[in-house]
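K.L.:
When you get a sec, could you give me coordinates for this:
(2 chains)
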Amino acid sequence: MGNYIGKSVKRVEDKRFLTGKGQYTDDIVLHQQTYASIVRSPYAHANIESIDTSAAEKAVGVVAVFTGKDFADSGIAGVPCGWQVNFKNGDIMKEPPHPLLVADKVKHLGDAVAIVIAESKEIARDAAELVDVSYDVLDSVVDPKKAAQPGAPLVHEDCPNNICFDWELGNPKSDVNAAIEASHHVTTLEFVNQRVIPNAMEPRAAIGDYQAAGDKYTLYTSSQNPHLIRLLLCAFVLNLPEHKVRVVSPDVGGGFGSKIFHYTEEALVIWCSKQIGRPVKWTSDRSEAFITDAHGRDHVTKADMGFDADGKITALRVETYANLGAYLSTFAPAVPTYLHGTLLQGLYTTPVINVDVTAVFTHTTAVDAYRGAGRPEATYLLERMIDLAALEMEMDPAELRFKNFIPAFDGVEQEGYMTQVALQYDSGDYDPVLKKALDMVGYDDFRAKQSALDNGKLIGIGFSTYIEACGIAPSAVVGALGARAGLFESAQVRVQPTGKVSVYTGSHSHGQGHETTFAQVVADRMGIPLDDVEIVHGDSESVAFGMGTYGSRSLAVGGSAIVKSIDKVLEKGAKIAAHLLEANADDLDYAGGKWTVKGTDKSIAFGDVSLTAYVPHNYPEGLEPGLDFSSFYDPANFTYPFGAHIAIVEIDKSTGKVELQRFIAVDDVGNVINPMIVDGQIHGGLAQGIGQALFEGAIYDDNGQLINGSYMDYCMPRADDLPSFEIDRTVTPCPHNPLGVKGAGEAGTIGSTPAVVNAVIDALWSGGHKVKDVKMPMTPERVWSAMQSDQA
Amino acid sequence: MIPSKFQYKRAESVSDALSMMSDDAKLLAGGHSLLPAMKLRLNQPDTLIDISRIEELKSIKDEGDHIVIGAAATHHDIAHSNLVKGACSMIASGAGQIGDIQVRNAGTIGGSLAHADPAADWPALVIAAEATIRVQGQGGPRDIPAASFFTGFYETALADDEIITEIHIPKLPAGSSSTYVKFVQPASRFAIVGCAVVKNAAEGEVGNIKVAVTGVSEMAYRAHGVEDELMGQVVSDESIDRAAARATDHVDVLSDHYASEKYRKHIAQVYVRKALETLK
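P.N.:
Numbering: from 1, shown residues only, chains lettered A, B, ... in the order given. All right, here's what the predicted structure looks like:
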């Protein structure tokens, strides 16, 4: 361990954020900037009969108004999808266009029909109300299972039964059916993993700035991956020369996945800027965010898990309808398939698994990756099934898990574990996380207390032992699975003449604290002070093509790319040092910021070497000047964090209100660079996962209206809803990346949701209410109803 | 979230405010109901008349057998007033349960009463306290008993050209007690059910009890059925059960995605019982 790695170094970016000096997209004001307001459909499904923009165009201060018709002859089809999944029969998935502005038929509440550009945001907003759109309202469908039935209203005319694709993974269905048939016990559960709305603190924003003089475009956008946006924008939407386009994602206030995707507004502001010759800024308001940011989850699932008499899992069969919303968002097809089906092995030795997914269009906002993306859905399924099986078989849920855990393997001496669903786990040791969590919770005491309780309350305990695949991902693997992009990362380490270090990373920080964590890695590896390191990200003009941040990949992939560049710097530095020390490079040690000739006190400092690299008067023959290296790192495998979460809840029998009393999380995210930041990631993830269990959930009515599209109705978890989390770790290093890290961004969200639901079910069973399921979010009424419908 | 264009005027006194009023003007106090509605363009007044800085509307005074709370007193001021606590404790404790600390620091009693949100806390509190709401119009002041102030869903007896100026809360006699309990909608923290109870009683027996309920119906109401079951009775588990069962007598119970009619009715009974039990 060096001076920084493993230490809770305070976040260097926080000074800027806490003093209001952050620079978010909406903070940027360009010369001659205009403001856009988007006219959105108030209906989920309607033909546009006419649009009259004349009143808006005449309003004082309005610069321009554009509608879908303006794109009709432009050849601009809309934003593309970045992941292709084929039907079981080999046909390519249905990929209907997602226009920048809709000309003929709106397909979800909030679909964009016109853009009004004005001298101020107030004028733009007022003028947007003057755009007169006449709609012929049509029937809509919001539930994925209903949407897939014959006769359901169609979202896209050329997608029969609204099906985008169907997909299957794992062992042959006949084998799985036979194993289920032959099982001693089968646990069956039908459930909904409800739609949630990401709600990043900063609403999305974009500024398009076209400069005719150099024929150059700049897009400022609240994105998690500016380079990908640039590629999609240039090559697939507007057909622009990529070298003439700069995409900047400055400070970004949270993403949770919802800012990965290429949104129509990004292309729209660039296109509009070119039309009017001035910069165009669009900033989403919160109401708009609720209906236009891509949503998460929304699976309707039926699962069967078979067991032998001893409690060993014999088979798993899963059928899921996944709601994609009205349009295919950038990575939507990957979420219910390769990020969900591939995780259904969990931590268990289940010998045969089959998962069958039907992906469906509905008249709702698009659904895509949201913190965890597919893996929370898989974990929810597995962990609900195994806890329910324990109740049904009257076995202890912790014991049942120990019985089924995959034995420990380090990925070095023992090979990685090959699952039935296409993945090979890197390293894992699963007993210790659950043992540690059980110790922390005081399991035996809890059960004694539970059976003795008599105060108008019920208490319950719920478990979740999860695995996830992150650090995405090997490009060749994801390419074979349908990704239309690589998933490597770039890093440039530029040593300045004075020995100060600028690091350009293709990862993007929107809350993760990369400016601190990455600097800790650089400072330790290079033996220099943390203050001598600056992390630069989020600007396609300064940073080499990178893939951005999502899927808990920044440190595992982006950090590894930085390490590669550091290695190159030190290797070249050693040659310069050897020359100056009149020694052989092989005879040098590098430590503490200096090269020393082994066994002597002859040494030279890093700063002297860096200066020599740029003032190469006395310099090795044939060696290029400079000390500046770029690298691209493409990982060998995903990484596989895992952990054990335990929730303890209390239910008020008179109201059904659930109080989360304790939450214990023992996570193994591999090596840890900054424990405080990892704890923070876990805490935030837990709050979101618990939020889904108890509070959050989009509610659409049958007309496709989102009836809880504000904070007055959509319940985000707040500090006073949550207990102080009790968290701990085990450390099983990743064997295939140089830092041994696995990723911590999503673990909390992935593991926590089923633990809370299982705890409520356990409490209900302890009161004699043997219900299989309570729908999420588990509102007081739902829990109370469960107690009424199944009286003890 | 940008409101349509409006004029802003600041009133220095009640008479000043009255002179500024017009059909397309709205009074602005704490702004915690009005401004969100304006940002969503559900409400588009031409003019806002800011009455939040009128000193005469902000005071809390002792006037012998009752206290007078200025209409522009904030929930926070009321929650922390010893005068209020001493006069009728639930008025203070109820004020302290409104929204969150930011809401309580800005929101006012008068603004909340005038808005008449069916899930707001104040309506139940002023009805159970048998408060009087003093309003001022061009023709001078008039007093409206809290029981007849609320006339429907977001509707009150306040005329368009009137301003609420004072809320008169009778002091409870010695030996009385009061309480406010609330089951919250978790997102908005408004009441699904709020129940205010004032009990003037000798030892054991209930002499005079007033029960008011908010959140359950299109407007807060006095639960006479509950009171009838307890009047003159010895308070016992049985009498409380009988009383709580009548929590929603003769009212149309609201239903929404968070609480159905059946559930809301049940919670009304649970929270009426809870309120009564604290007064045992």
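
K.L.:
what helix or strand is the residue of the stretch 51-200 of chain A found nearest chain B on?
P.N.:
Closest to chain B within the stretch 51-200 of chain A is A:R125: 4.5 Å, counting by C-beta to the nearest C-beta. C-beta coordinates here come from the backbone N, C-alpha and C atoms, glycine included. Taking DSSP states H and E as the definition, A:R125 sits inside helix A:121-128.

K.L.:
What helices and strands are in contact with that helix?
P.N.:
Packing contacts for helix A:121-128, counted by 3 or more C-beta pairs under 8 Å, 6 or more residues apart in numbering or on different chains; DSSP states H and E, involve strand A:34-40, strand A:62-67, strand A:112-118.

K.L.:
could the ones you listed be laid out in a markdown table, adding distance to A:D215, mean neighbour count and mean pLDDT?
P.N.:
Shown next, in a markdown table, are those (distance: least, C-beta to C-beta, whole Å; neighbours: other C-beta atoms under 10 Å in any protein chain shown; pLDDT from 0 to 100):
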| stretch | distance to A:D215 | mean neighbour count | mean pLDDT |
| --- | --- | --- | --- |
| strand A:34-40 | 20 | 24 | 98 |
| strand A:62-67 | 21 | 21 | 98 |
| strand A:112-118 | 21 | 24 | 98 |
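
K.L.:
where does the chain dip in pLDDT?
P.N.:
No chain specified, so I'll use chain A. Applying pLDDT under 70 to chain A flags the ranges A:1, A:790-792.

K.L.:
hmm, I had chain B in mind actually
P.N.:
Residue ranges of chain B with pLDDT under 70: B:201-206.

K.L.:
For it, just list every one of the helices.
P.N.:
Along chain B, the segments classed as helices by DSSP state H run B:14-20, B:34-39, B:75-79, B:82-87, B:89-95, B:101-106, B:109-115, B:122-128, B:146-149, B:224-230, B:237-244, B:261-278.

K.L.:
Residues touching the longest one, excluding its own?
P.N.:
Where contact means C-beta atoms under 8 Å, 6 or more residues apart in numbering or on different chains, the residues beyond helix B:261-278 that reach it are A:654-655, A:780-781, A:784-785, B:179-183, B:192-197, B:211, B:213, B:215-216, B:223, B:226, B:230, B:235, B:240-241, B:243-245, B:247-248, B:253-255, B:259.

K.L.:
so the closest residue to A:F695 other than its chain neighbours, which of the three states?
P.N.:
Using C-beta to C-beta, 6 or more residues apart in numbering or on different chains and skipping residues adjacent in sequence, the residue nearest A:F695 is A:C715, 4.0 Å away. A:C715 carries the three-state label coil when classified by DSSP: H, G, I helix; E, B strand; the rest coil.

K.L.:
re the thing from before, return the most buried member of the helices of chain B.
P.N.:
Highest mean neighbour count among these (mean count of other C-beta atoms under 10 Å in any protein chain shown): helix B:122-128, with a mean of 30.

K.L.:
for A:D308, what are its contacts?
P.N.:
Counting by C-beta under 8 Å, 6+ apart, A:D308 makes contact with A:183-184, A:314.

K.L.:
Now do it against A:T349, distance only.
P.N.:
12 Å (C-beta to C-beta, to the nearest Å).

K.L.:
And for B:S255?
P.N.:
Distance of B:S255 to A:T349, given as C-beta to C-beta: 48 Å.
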